[in-house]
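**Q** Test case, fold it:
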Amino acid sequence: MRSQDELKTLVAKAALQYVVPGELVGVGTGSTVNKFIEALASIGSRIQGAVASSEASSKLLRAYGIEVFDCNDVGQLPVYVDGADEIDARGYMVKGGGAALTREKIVAAQSDCFVCIADQSKLVATLGRFPLPVEVIPMASQRVARQFAALGGQARIRLDNNCPVKTDNGQYILDVTGLRITDPLSFESMVNQWPGVVTVGIFAHQKANVCLLGTSDGVKTVRYD
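**A** Numbering: from 1, shown residues only. Okay, here's the model as predicted:
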């Protein structure tokens, strides 16, 4: 039985086949993506560089000698590689466990193909088991929490050492439990309209095109329409 760490390494290496030689690659955030960055370093001379979704990923990319470009300085990217906290059979995801959901969504929207790399534990029938991250402007956090309460959810500000976690954008993260998200597209659109919400961690409008799923039998490739 392969460990979760081994599965992350497998899918990270498998994602290299989607990297276009001579082009930029969009790079997400998180422990699985860190494995991808490590793998990417092995072909670093064959790519132009990367666009990263977080300061943490930017730092790691530079440590491996990969040039990092700003979104505003480049055009459309051929591929974006990132992990997921949950993914369903349609390619809809919950993301933001690493607090980079807004920048992840921006880079995903600027890419032609979203390749999700994940282990089989992230595959769910219905989104909502993992606490839903929502990036909010601090002054709106309690009002947004009350709006989730009206939907049956329990929203709590993410803390680190009893202090609110701040994103790379300087905002707070609400983690929402108690939700069962059966219509991710509508739910994402609705929450994104709430004043004070920067973005919600539902990736339905920017869903995965391909998922490389690490299983006990190896890497399973799932493609979505």
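**Q** domains of the protein?
**A** 4-123+205-223, 132-199 (automatic domain parsing).
**Q** I'd like these as TSV, with mean neighbour count and mean pLDDT appended.
**A** In this view, the C-beta of every residue, glycine as well, is placed from N, C-alpha and C. Compiled in TSV, the domains of the chain are given as follows (neighbours: other C-beta atoms under 10 Å; pLDDT from 0 to 100):
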stretch	mean neighbour count	mean pLDDT
domain 4-123+205-223	20	97
domain 132-199	16	98
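**Q** who does residue 111 bridge with?
**A** With DSSP bridges applied, residue 111 shows beta-bridge pairing to residue 77.
**Q** Surely it touches residue 81?
**A** No. Using C-beta atoms under 8 Å, residue 111 is not in contact with residue 81; the gap is 9.1 Å.
**Q** any common contacting residues for the two?
**A** Jointly contacting residue 111 and residue 81 under the rule C-beta atoms under 8 Å, 6 or more residues apart in numbering are residue 26.
**Q** which ones are touching the residue positioned nearest the centre of the chain?
**A** Nearest residue to the geometric centre of the chain (C-alpha atoms, centre = their mean): residue 95, 4.5 Å. Taking C-beta under 8 Å, 6+ apart as the criterion, residue 95 is in contact with 82-85, 101, 104, 133, 201, 203.
**Q** and residue 50, what are its phi and psi?
**A** phi -140, psi 160 (degrees, to the nearest 10).
**Q** can you pull out the helices in the protein?
**A** Along the chain, counting by DSSP state H, helices occupy 4-14, 31-40, 55-63, 101-109, 141-150, 184-192.
**Q** how about the ones you listed, which one is nearest residue 70?
**A** helix 55-63 (9.7 Å; C-beta to C-beta).
**Q** From the chain's centroid, how far away is that closest one?
**A** 16 Å (C-alpha atoms, centre = their mean, to the nearest Å).
**Q** again with stretch 13-27
**A** Stretch 13-27 has its C-alpha centroid displaced from the chain centroid by 17 Å (C-alpha atoms, centre = their mean).
**Q** Ends of it, what's the gap?
**A** With C-alpha to C-alpha, to the nearest Å as the measure, stretch 13-27 spans 14 Å from end to end.
**Q** Give me the residues contacting that stretch.
**A** 33, 35-37, 39-40, 42-43, 46-53, 57, 61, 69, 74, 77-82, 107-108, 110-111, 113, 115, 117, 210, 212, 219, 221.
**Q** cool, stretch 36-49 as well?
**A** Residues contacting stretch 36-49 (C-beta under 8 Å, 6+ apart): 9, 12-13, 15-16, 19-25, 27, 50, 57, 60-61, 64-69, 81, 117.
**Q** One more: stretch 150-159?
**A** 99, 132-134, 141, 144-145, 148-149, 164-165, 172-179.
**Q** How far off centre is it?
**A** On the basis of C-alpha atoms, centre = their mean, stretch 150-159 sits 20 Å off its chain's mean C-alpha point.
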